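Colleague: Here's a sequence, model it:
(chains A and B)
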Amino acid sequence: MEKGIRIADLFRDEQKWLGKTVLVQGWVKTKRDSKAGVGFIELNDGSSLKGLQIITEQQGRGYSELLGKITTGSAILVEGIVSVSPGKGQSIEVRAERIHLYGRADPAAYPLQKKRHSFEYLRQIAHLRPRTNTIGAAARVRSRLSFAIHQFFQDRGFHYVHTPIITSSDCEGAGEIFRVTTLDPAQPLISAEAEDPYKADFFAKPAFLTVSGQLQAEIYALALGKVYTFGPTFRAENSNTSRHLAEFWMVEPEMAFYDLEDDLNTALEFIKYLIGVVLGECPEEVEFFGRYIEPELMKRLENAAQSSFEVITYTEAVDILTRSKERFVFPVEWGLDLQAEHERYLTEKVFGRPVGILNFPRALKPFYMRVNDDEKTVAAMDILVPGTGEIIGGSQREERLDVLLEQMRLKGIPTDDYHWYIELREFGSAPHSGFGLGLERLVQFVTGIPNIREAIPFPRTPGHAEF
RNA sequence: UCCCCGGUAGCUCAACCGGCAGAGCGGGUGGCUGUUAACCACUAGGUUGGCGGUUCGAGUCCGUCCCGGGGAGCCA
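Modeller: Reported below is the predicted structural model:
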């Protein structure tokens, strides 16, 4: 089959292509024509935000008939000469000499118009929405970010570990979980099986979709040194917000011989690196999002990429909040969790940039976080960004066997399910740390997209698993 | 799950105190030789989310269910 040039490559070196005959393939964004004369097709092939202007002129029999069939949404091939465009809005265009129509799009039925659509509407046509400017741009940024995540870690000696999607421990403390079973809920168990209902099930015990790869990543960090996982994660919480999904992607690095400070520095370097990549490699998309989605975007990204993040302790945060004159709905008091309004106040009003918060009260955090010398706090860190809130959560892990067992006892975690996790502290235990970053929240942050459902191709939320 | 707001043409939205269902865009037809959300003219298009109630009369008021959005909780 004929293979054309990517439109993005054409724009990258316009001088080189001027006067040459090229072949392009893509989808018609708009068409402006006159029956008697010159016509204009804006062609987009997904390689760039900007479309290529195609000039059509009357020629030969059957040509206008073909042009009539080419409507918004059609897939076509165009062969023609790259020329200087006399019009405004583009510097080059292609004067068509041959056009082939691959697939039509009935204009009366095609759901995408030239004008702007609401995100709510586009979600209902998730099979067509990547053809829009915003969703297409978000998809390219997401792809580039995913690659950059691998680049960052691979360049620094980390190994990529595939932690399991299906797990059998259900009390990692990260909320509601999805059950994995081959049993049919519509088919009641016969009484013999009912004594041990899991006997007939695939894994012969309760199984679930992972809520985090961290505990398994720790296993490999204590063998390979520095590792990271990057994959889908699942939460069955009935969360209906612009920041939550039932299925989302998470990056979780885990490093042996790293304390909390090392962990924090890695996380900050990581975020700055990713923002730098987006600014450097997706300028067209950033410009677009800045113009149509979030006017403050450029300022926000440059701020985060260059300036130092603010880093404070939980105790200092509580101090700042109690002294502020702001009226909060929820109380501020040492020992209570910071609410969304408090986080927003700190990152948006007090500092106006990303904020790292360290050393949270022990009672607020999970069993695996390392207990500090004061015995009241744990070596935890949250990184908050303006607009999105918490984007990274991490900690130094408890490597001391006796303290870990005490923590599990206090939090009511059954040791049987975690014998392997405990054994890591019996055999060559070592200080280690890690953190988790939600990919979709990062996409939200770097694009300014308000709802997380536009930061992932096929959002899964309560009541929604279409497409 | 809780609180608030909304659901009217394919899309985005109007419709005053309860009184004949509207516009822009999109679609169709015709016109236009350099357009850029092209332009000009004409035209088709509706079970006002579902069910029930109040009323002479309901898009509008009441009840209920469904769906969407914003916020909260849970978290990444």
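Colleague: Is there proximity between stretch A:262-274 and RNA strand B?
Modeller: No - applying C-beta under 7 Å from any atom of the strand, one finds stretch A:262-274 separated from RNA strand B by no less than 10.6 Å. Every residue, glycine included, has its C-beta placed from N, CA and C.
Colleague: how about stretch A:286-299, does it reach RNA strand B?
Modeller: No - Stretch A:286-299 does not reach RNA strand B (C-beta under 7 Å from any atom of the strand); its nearest approach is 11.6 Å.
Colleague: can you give me the helices in the stretch 301-450 of chain A?
Modeller: Per DSSP state H, counting those that start in this stretch, the stretch 301-450 of chain A carries helices over the ranges A:314-323, A:340-344, A:401-411, A:419-426, A:439-447.
Colleague: Can I get those in CSV including mean neighbour count and distance to A:Ile391?
Modeller: Supplementary listing: the helices of the stretch 301-450 of chain A in CSV, determined by neighbours: other C-beta atoms under 10 Å; distance: least, C-beta to C-beta, whole Å:
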stretch, mean neighbour count, distance to A:Ile391
helix A:314-323, 17, 16
helix A:340-344, 18, 11
helix A:401-411, 15, 25
helix A:419-426, 14, 26
helix A:439-447, 25, 5
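Colleague: These: which one's closest to A:Ser74?
Modeller: A:Ser74 lies closest, by C-beta to C-beta, to one member of those: helix A:439-447, at 28.4 Å.
Colleague: name the helices or strands packed onto the closest one?
Modeller: Contact here means 3 or more C-beta pairs under 8 Å, 6 or more residues apart in numbering; DSSP states H and E; on that basis helix A:439-447 packs against helix A:133-155, strand A:247-256, helix A:260-281, helix A:283-292, helix A:297-306, strand A:389-396.
Colleague: on that earlier part again, rank the helices of the stretch 301-450 of chain A by mean pLDDT and give me the bottom one.
Modeller: Note on the helices of the stretch 301-450 of chain A: helix A:340-344 shows the lowest mean pLDDT, a mean of 90.
Colleague: export that helix as CSV, just CAs?
Modeller: The C-alpha atoms that make up helix A:340-344 are tabulated as CSV, following Å, rounded to 0.1, in the frame of the first residue of the first chain:
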residue,chain,number,x,y,z
ALA,A,340,-8.4,19.5,49.8
GLU,A,341,-9.1,23.1,50.8
HIS,A,342,-6.0,23.2,52.9
GLU,A,343,-3.8,21.7,50.2
ARG,A,344,-5.2,24.1,47.7
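Colleague: By mean pLDDT, show me the worst of the helices and strands packed on helix A:439-447.
Modeller: Out of those, the stretch the model trusts least by mean pLDDT is helix A:297-306, with a mean of 87.
Colleague: still on that earlier bit, among the helices of the stretch 301-450 of chain A, which comes closest to A:Leu222?
Modeller: helix A:419-426 (5.6 Å).
Colleague: In a helix, A:Pro457, correct?
Modeller: No - secondary structure of A:Pro457, determined by DSSP: H, G, I helix; E, B strand; the rest coil: coil, with no helix assignment.
Colleague: hang on, A:Met218 packs against A:Glu254?
Modeller: Careful, residue A:218 is Glu and not Met. Yes - using C-beta atoms under 8 Å, A:Glu218 and A:Glu254 qualify as a contacting pair, with a distance of 5.5 Å.
Colleague: so what sits against both of these two?
Modeller: Taking C-beta atoms under 8 Å, 6 or more residues apart in numbering as the contact criterion, the common neighbours of A:Glu218 and A:Glu254 are A:His432, A:Gly434.
Colleague: RNA strand B is nearest to which of the helices of the stretch 301-450 of chain A?
Modeller: When the helices of the stretch 301-450 of chain A are ranked by distance to RNA strand B, counting by C-beta to the nearest atom of the strand, first place goes to helix A:340-344 at 3.5 Å.
Colleague: which residues make contact with the closest one from outside it?
Modeller: Contacts of helix A:340-344 with the rest of the structure, by C-beta under 8 Å, 6+ apart, involve A:Ala317, A:Leu321, A:Phe328, A:Val329, A:Phe330, A:Val332, A:Leu384, A:Pro386, A:Gly389, A:Glu390.
Colleague: One more pass at 10 Å, please.
Modeller: Where contact means C-beta atoms under 10 Å, 6 or more residues apart in numbering, the residues beyond helix A:340-344 that reach it are A:241, A:243, A:317-318, A:320-321, A:324, A:326-332, A:336, A:338, A:355, A:357, A:382, A:384-390.
Colleague: Quick check: which of those residues are also close to RNA strand B?
Modeller: Among the contacts of helix A:340-344, the ones lying near RNA strand B by C-beta under 7 Å from any atom of the strand are A:Thr241, A:Arg243, A:Phe330, A:Gly389, A:Glu390.
Colleague: Now neighbour count too, for the residues you listed, in CSV please.
Modeller: CSV is the format used below for these (neighbours: other C-beta atoms under 10 Å):
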residue, neighbour count
A:Thr241, 10
A:Arg243, 17
A:Phe330, 12
A:Gly389, 17
A:Glu390, 17
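Colleague: out of those, who's nearest RNA strand B?
Modeller: Proximity of these to RNA strand B was ranked by C-beta to the nearest atom of the strand; the top entry is A:Thr241 with 3.8 Å.
Colleague: Which residues of the stretch 1-150 of chain A lie near RNA strand B?
Modeller: Counting by C-beta under 7 Å from any atom of the strand, the stretch 1-150 of chain A comes close to RNA strand B at A:30, A:32-38, A:40, A:53, A:55, A:71-72, A:85-90, A:93, A:95, A:107-108, A:111, A:113-118, A:120-121, A:123.
Colleague: Among those, name the buried ones.
Modeller: When neighbours are counted using 16 or more other C-beta atoms under 10 Å, these contain these buried positions: A:Gln53, A:Ile55, A:Thr71, A:Thr72, A:Glu93, A:Arg95, A:Arg123.
Colleague: Quick check: the farthest pair among the residues you listed?
Modeller: Between any two of those (C-beta to C-beta), the greatest distance is 38.6 Å, for A:Arg95 and A:Arg123.
Colleague: For the residue lying closest to A:Glu466 once chain neighbours are set aside, give me its contacts.
Modeller: For A:Glu466, the nearest residue in space outside its immediate sequence neighbours is A:Ala126; the separation is 7.0 Å by C-beta to C-beta, 6 or more residues apart in numbering. Residues touching A:Ala126, when contacts are defined by C-beta under 10 Å, 6+ apart, comprise A:Ile135, A:Arg453, A:Pro457, A:Phe458, A:Pro459, A:His464, A:Glu466, A:Phe467.
Colleague: quick one: A:Ala126 is in a helix?
Modeller: No - the assignment for A:Ala126 (three-state DSSP) gives coil, which keeps it out of a helix.
Colleague: Return stretch A:219-231 as CSV; C-alpha atoms alone will do.
Modeller: Listed in CSV are the C-alpha atoms of stretch A:219-231, where the atom choice follows Å, rounded to 0.1, in the frame of the first residue of the first chain:
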residue,chain,number,x,y,z
ILE,A,219,10.9,-7.0,46.5
TYR,A,220,12.8,-6.2,43.3
ALA,A,221,14.4,-3.0,44.7
LEU,A,222,15.9,-5.2,47.4
ALA,A,223,17.6,-7.3,44.7
LEU,A,224,18.2,-5.0,41.7
GLY,A,225,18.8,-1.7,43.6
LYS,A,226,16.7,0.8,41.7
VAL,A,227,13.5,-0.3,39.9
TYR,A,228,10.2,1.2,38.7
THR,A,229,6.8,-0.2,37.8
PHE,A,230,4.6,1.6,35.3
GLY,A,231,1.2,0.1,34.5
